[in-house]
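Visitor: Next one to model:
(4 chains)
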Protein chains: 4
Amino acid sequence: MQEIQPSDDPLIVAGRTYQSRLLVGTGKYKDLEQTRRAVEASGAEIITVAIRRTNIGQDPNEPNLLETLPPEKYTYLPNTAGCYTAEDAVRTCRLARELLDGHNLVKLEVLGDEKTLFPDIIQTLEAAETLIRDGFNVMVYTNDDPIIAKRFEEMGCVAVMPLAAPIGSGLGIRNPYNILTIVENASVPILVDAGVGTASDAAIALELGCDGVLMNTAIAGAQDPVLMASAMKKAIEAGREAYRAGRIPRKRFASASSPIDGTFF
Amino acid sequence: MQEIQPSDDPLIVAGRTYQSRLLVGTGKYKDLEQTRRAVEASGAEIITVAIRRTNIGQDPNEPNLLETLPPEKYTYLPNTAGCYTAEDAVRTCRLARELLDGHNLVKLEVLGDEKTLFPDIIQTLEAAETLIRDGFNVMVYTNDDPIIAKRFEEMGCVAVMPLAAPIGSGLGIRNPYNILTIVENASVPILVDAGVGTASDAAIALELGCDGVLMNTAIAGAQDPVLMASAMKKAIEAGREAYRAGRIPRKRFASASSPIDGTFF
Amino acid sequence: MQEIQPSDDPLIVAGRTYQSRLLVGTGKYKDLEQTRRAVEASGAEIITVAIRRTNIGQDPNEPNLLETLPPEKYTYLPNTAGCYTAEDAVRTCRLARELLDGHNLVKLEVLGDEKTLFPDIIQTLEAAETLIRDGFNVMVYTNDDPIIAKRFEEMGCVAVMPLAAPIGSGLGIRNPYNILTIVENASVPILVDAGVGTASDAAIALELGCDGVLMNTAIAGAQDPVLMASAMKKAIEAGREAYRAGRIPRKRFASASSPIDGTFF
Amino acid sequence: MQEIQPSDDPLIVAGRTYQSRLLVGTGKYKDLEQTRRAVEASGAEIITVAIRRTNIGQDPNEPNLLETLPPEKYTYLPNTAGCYTAEDAVRTCRLARELLDGHNLVKLEVLGDEKTLFPDIIQTLEAAETLIRDGFNVMVYTNDDPIIAKRFEEMGCVAVMPLAAPIGSGLGIRNPYNILTIVENASVPILVDAGVGTASDAAIALELGCDGVLMNTAIAGAQDPVLMASAMKKAIEAGREAYRAGRIPRKRFASASSPIDGTFF
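Guide: Next comes the predicted model:
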């Protein structure tokens, strides 16, 4: 077996090539300087921005994220965090496109309620349809239902982003089988979005075959965000390499002649 | 909060300082060249050698591991793999000391049966006592019973190495609570030994507060051992950094006012 | 505390009262005699029938389930197993209503694909709307998304039936948090449908607060279906009683002053 | 396949036959009346008594458990709860034998520390040896190490009782693989002791092939102990019947041709 070099293994989203499979949010840091240092430590090349909460030019008198994290260096991924209807989400994406000079890559999320922050799939489908018709490249936040995930792919979304667990919960991948099924059926990138709590959670996503992970709270909410960003960078790389390296099968004992079947936990 | 540099965070075993928290075995590779490349990719500074199966000078006509992996560069950790009695294990350690010119750091394992490869705790206790009296620095493979782990520490073992799961099973940490309890009670290094299957398993051990991980099959048995060695290196670093960075609490929802209590899975 | 009697604790669906919280399927048995004996051993009062696969009068020359399991004794719950579109499902429910003399309680399921047997939520929503408008009492098979579950309730479904795991998988409840969230938000009965493999899986559903469980393969596919039916009857009662009895909190140790928070697995 | 009747399936311990596989403790209830009602609801035939904490005649002026739960009806199983040395445990067993007129069935437990209540295996081995030599029938509380469990069996213990989780924790079976390995290797009854929290935990023990379960806190500490006792009775029966009935294999999908191997969670 010929060994594969890391450089042979890029993430391709909407036609662009990235070396990093970690996408990070830019909110919840104590200041823009911490944001910048954490983003740098994470190695992320795609950064997501909550258009409703982050100044990227809406207010000319406030600090502008574009100055801290220059768009020449990072791919901006405007998101619709805080939107609860298709209409709101579409409007927010259009605003982002204006502010970013015609940039049409967006992360669509339409939430179902304020308690769980689960997506509202019906509204999300409606918004995705409109946005795709309108020329956007839509990366879409969804639940972990494989049929729904496939629907988004078939509509023309450029990436499908199932949740690992509720936004901000830090619970890690609650239903790995569902994520695995989504991955197995997909022909667009599958990126886990929401619910990652620590480094191993991120590694597991990649080991399952996901193409990447997007996170915000797990880094920004850690006691040392910059160190956690570094941990996540390494975890993502570790998970991807482990996936490509082909892990040993799980067996009850080394002496067992076959992998575990029937009884397992 | 002042951020901590990786260089401030060494592993100290038997008075020596190591930058790497990954200890690797040297068996089961297709040839010594693959062994060398995998060990290098792992970044390990301590390598364990099954004295009964590896030529470190017993047979002058065969390739000698000491030439492939020079003892000036690596700390050799002779182990007693394949021993089923205290007597055998003690004899094997003494042979190792002779072959390695007085080197007295050893990994003691005394197995209970050939099917499960679980340790025989009674024989291990007996062997550990003899070896410590005999001047060895004993790193000891044990089950995940916190009371037993503490016993080994109190006897004078320099590191305690509970299993994650049966040797060669690849099942990862089966009982994280036990490992956590061992870690919380310990004042010597706790290194998970045996049972790791993939990168996230290793990260989890470090996130629990373990001081390091020893593995062999997970790397040597992977389809691409050198790439898996690299994955493990990164996973160990990721897990350790995540541990030090202070992860976010687990909550059912971001909106929950307190971490999960009562209902969890 | 006054103790509650089992007789005080009925399941109420669509205005009717049942003592049993176990709903069973009638397919996949070796013959009608085994079906009858398993159903009796299960104690079920509601039995579901795949209209497309079971003769309840469509073919006057074949054995008729209504003679084996008399509708005076059992509430028949016709289901739309095998339907992949809203249109098919609606047509099947109407056929069932004719065959059962105006009976309008149905279990709606519209599948997304033949491999996973996951529901197609979009088609299911469409069918549910039509059926409710048409006077049916709809019990609906759905994924475990809490927002979708609430939607079905708000539309007027008389019970919501999230999957534990894929139909026929025997994997048990894959995502207990989602099921718990559905239960906490519901004001109609929540019945776990699909994925139960053994007795403890059924007990867990009730311990989470579900109002009941529907199963078929777990009983019909067991080596001894009649004994498994008895096991499931007891497991459902055990789970319900445990739920009502108020379990002890989970703690790492008896000596811990508070339930587990933060670190758990 | 001929179906097996429940009456064909007794538990045999130390030569005596029992219909119930649930063993219960008698402590921690609010009064003897509640103890009696919970024990009756549990259907237990073997009841365990902490000799150091329960009056079975030590104090003639206090209520005597033997009057509430007559030894003609229940098999008394004196236990050594609260003993931290072999010597204490042996002395306690001898006291029990005197108080119970030569009764020699005992449950041996020697604890390692007050925080975790884990067994001290070394002291337990020593005490077991003495007690067996002294004519006792020893049921022994141990950790979940399969090698240790086998050792107790080989010494002549009449039953081996591995913990599910720490005493009083309510965490359920933490390491089902270990319990399964113990069961597979055993030729004496294996009873899970300690750590059960709710009904499904008990069912799982039986589904794994355990011969029974002993519990106290899970019942006595529930909000309604008598109802929980009933739940546990049913859960134990459910788990046993499910074990005997032969469950369906776990598969990712009904359409999968083989049980799960390789990827599972």
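
Visitor: average model confidence for stretch A:123-131?
Guide: The average of the pLDDT scores along stretch A:123-131 is 98.

Visitor: So which bits of the stretch 151-265 of chain A are right by chain C?
Guide: Taking CB under 8 Å from any CB of the partner chain as the criterion, the neighbours of chain C within the stretch 151-265 of chain A are A:Arg151, A:Ala165, A:Leu171, A:Arg174, A:Asn175, A:Tyr177, A:Asn178, A:Thr181. In short, each C-beta sits where N, CA and C put it, glycine included.

Visitor: which residues in chain A form strands?
Guide: Remark: strands assigned in chain A by DSSP state E are A:11-13, A:16-18, A:22-25, A:46-50, A:75-79, A:105-108, A:137-142, A:159-162, A:191-193, A:212-215.

Visitor: Most neighbours among the residues of the stretch 151-265 of chain A next to chain C, please name it.
Guide: Each of these was scored by neighbours using other CB atoms under 10 Å in any protein chain shown; the highest score is A:Ala165's, at 26 neighbours.

Visitor: Next one: that one from A:Ile204, what distance?
Guide: Taking CB to CB, to the nearest Å as the criterion, A:Ala165 is separated from A:Ile204 by 12 Å.

Visitor: same thing with A:Tyr74?
Guide: Relative to A:Ile204, A:Tyr74 is positioned 26 Å away (criterion: CB to CB).

Visitor: These two - which one has more neighbours?
Guide: A:Ile204 (28 against 18).

Visitor: separation between the more buried one and chain C?
Guide: A:Ile204 sits 13 Å away from chain C when distances are taken as CB to the nearest CB, to the nearest Å.

Visitor: Contacts (any at all) between chain B and stretch A:25-34?
Guide: No - figure legend: stretch A:25-34 not in contact with chain B (CB under 8 Å from any CB); closest approach 10.1 Å.

Visitor: where does the lengthiest helix in chain A sit relative to the chain's centre, distance-wise?
Guide: Here the longest helix in chain A is taken by residue count, with DSSP state H as the criterion, and it is helix A:225-245. If you compare the mean C-alpha spot of helix A:225-245 with that of the full chain, they lie 14 Å apart, counting by CA atoms, centre = their mean, to the nearest Å.

Visitor: Looks like A:Ala128 contacts A:Glu153 (just checking).
Guide: No - the pair A:Ala128 / A:Glu153 is not scored as a contact, 10.6 Å apart, by CB atoms under 8 Å.

Visitor: who's more crowded, those two?
Guide: Legend: neighbour count by other CB under 10 Å for A:Ala128 and A:Glu153, higher for A:Ala128 (24 against 20).

Visitor: what about that one, distance to A:Ile148?
Guide: Plainly put, A:Ala128 is 11 Å away from A:Ile148 if you go by CB to CB.

Visitor: related to what we said a few turns ago, hey, what's in contact with both of A:Ala165 and A:Ile204?
Guide: Listed as contacting both A:Ala165 and A:Ile204 by CB atoms under 8 Å, 6 or more residues apart in numbering or on different chains are A:Gly172, A:Ile173.

Visitor: In chain A, what helix or strand scores lowest on average pLDDT?
Guide: Among the helices and strands of chain A, helix A:65-68 carries the lowest confidence by mean pLDDT, DSSP states H and E, at a mean of 92.

Visitor: Check which helices and strands it is in contact with.
Guide: Using 3 or more CB pairs under 8 Å, 6 or more residues apart in numbering or on different chains; DSSP states H and E as the contact definition, the elements that helix A:65-68 packs against are helix A:32-42.

Visitor: CA atoms of the helix it packs on as CSV?
Guide: Output in CSV follows, covering the C-alpha atoms of helix A:32-42 (Å, rounded to 0.1, in the frame of the first residue of the first chain):
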residue,chain,number,x,y,z
LEU,A,32,-11.8,40.6,18.5
GLU,A,33,-8.2,40.0,19.5
GLN,A,34,-9.2,36.7,21.1
THR,A,35,-11.3,35.8,18.1
ARG,A,36,-8.3,36.4,15.8
ARG,A,37,-5.9,34.3,17.9
ALA,A,38,-8.4,31.4,18.3
VAL,A,39,-9.2,31.4,14.6
GLU,A,40,-5.5,31.4,13.8
ALA,A,41,-4.8,28.6,16.2
SER,A,42,-7.6,26.5,14.7
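
Visitor: helices or strands up against it?
Guide: Counting contacts by 3+ CB pairs under 8 Å, 6+ apart, helix A:32-42 packs against strand A:22-25, helix A:65-68, helix A:217-220, helix A:225-245.

Visitor: least reliable of those going by mean pLDDT?
Guide: Across the helices and strands packed on helix A:32-42, helix A:65-68 has the smallest mean pLDDT, namely a mean of 92.

Visitor: picking up where we left off before, let me have the helices and strands packed on helix A:32-42 in a markdown table, extended by mean neighbour count and distance to A:Gly82.
Guide: Output for the helices and strands packed on helix A:32-42, formatted as a markdown table (neighbours: other CB atoms under 10 Å in any protein chain shown; distance: least, CB to CB, whole Å):
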| stretch | mean neighbour count | distance to A:Gly82 |
| --- | --- | --- |
| strand A:22-25 | 28 | 13 |
| helix A:65-68 | 16 | 16 |
| helix A:217-220 | 26 | 15 |
| helix A:225-245 | 27 | 22 |
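
Visitor: returning to that earlier point: put the alpha carbons of the longest helix of chain A into CSV.
Guide: Listed next in CSV are the C-alpha coordinates belonging to helix A:225-245 (Å, rounded to 0.1, in the frame of the first residue of the first chain):
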residue,chain,number,x,y,z
PRO,A,225,-10.1,29.2,23.8
VAL,A,226,-6.8,29.5,21.9
LEU,A,227,-5.5,26.2,23.3
MET,A,228,-8.8,24.5,22.6
ALA,A,229,-8.6,25.8,19.0
SER,A,230,-5.3,24.1,18.7
ALA,A,231,-6.7,20.9,20.2
MET,A,232,-9.5,21.0,17.6
LYS,A,233,-7.1,21.5,14.7
LYS,A,234,-5.2,18.4,15.8
ALA,A,235,-8.2,16.4,16.5
ILE,A,236,-9.7,17.0,13.1
GLU,A,237,-6.4,16.1,11.4
ALA,A,238,-6.1,13.0,13.7
GLY,A,239,-9.7,11.8,12.9
ARG,A,240,-9.2,12.3,9.2
GLU,A,241,-5.8,10.5,9.1
ALA,A,242,-7.3,7.6,11.2
TYR,A,243,-10.2,7.4,8.7
ARG,A,244,-7.8,7.2,5.8
ALA,A,245,-5.3,4.9,7.6
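
Visitor: Would you point out which residue of the stretch 101-250 of chain A is nearest chain D?
Guide: Sorted by distance to chain D under CB to the nearest CB, the residues of the stretch 101-250 of chain A start with A:Pro176, at 4.4 Å.

Visitor: Surely that residue and A:Leu208 touch.
Guide: Yes - with contacts counted by CB under 8 Å, A:Pro176 reaches A:Leu208, the gap being 6.0 Å.

Visitor: between those two, which one's more packed in?
Guide: More crowded of A:Pro176 and A:Leu208, by other CB under 10 Å: A:Leu208, with 22 against 19.

Visitor: next one: phi and psi at that one?
Guide: Backbone torsions for A:Leu208, taken as degrees, to the nearest 10, come to phi -80, psi -10.

Visitor: Against A:Asp9, how distant is it?
Guide: Applying CB to CB, one obtains 16 Å for the distance of A:Leu208 from A:Asp9.

Visitor: count of residues packed around A:Ile147?
Guide: Under the neighbour criterion other CB under 10 Å, A:Ile147 is assigned a count of 20.

Visitor: Number of residues surrounding the closest residue to it other than its chain neighbours?
Guide: Sequence neighbours aside, C:Gly112 is the residue nearest to A:Ile147 in space, at 3.4 Å (criterion: CB to CB, 6 or more residues apart in numbering or on different chains). When neighbours are counted by other CB under 10 Å, C:Gly112 registers 22.

Visitor: Now for C:Gly112: which residues touch it?
Guide: Applying CB under 8 Å, 6+ apart to C:Gly112 gives the contacts A:Pro146, A:Ile147, A:Lys150, C:Tyr84, C:Phe118, C:Pro119, C:Asp120, C:Ile121, C:Gln123.
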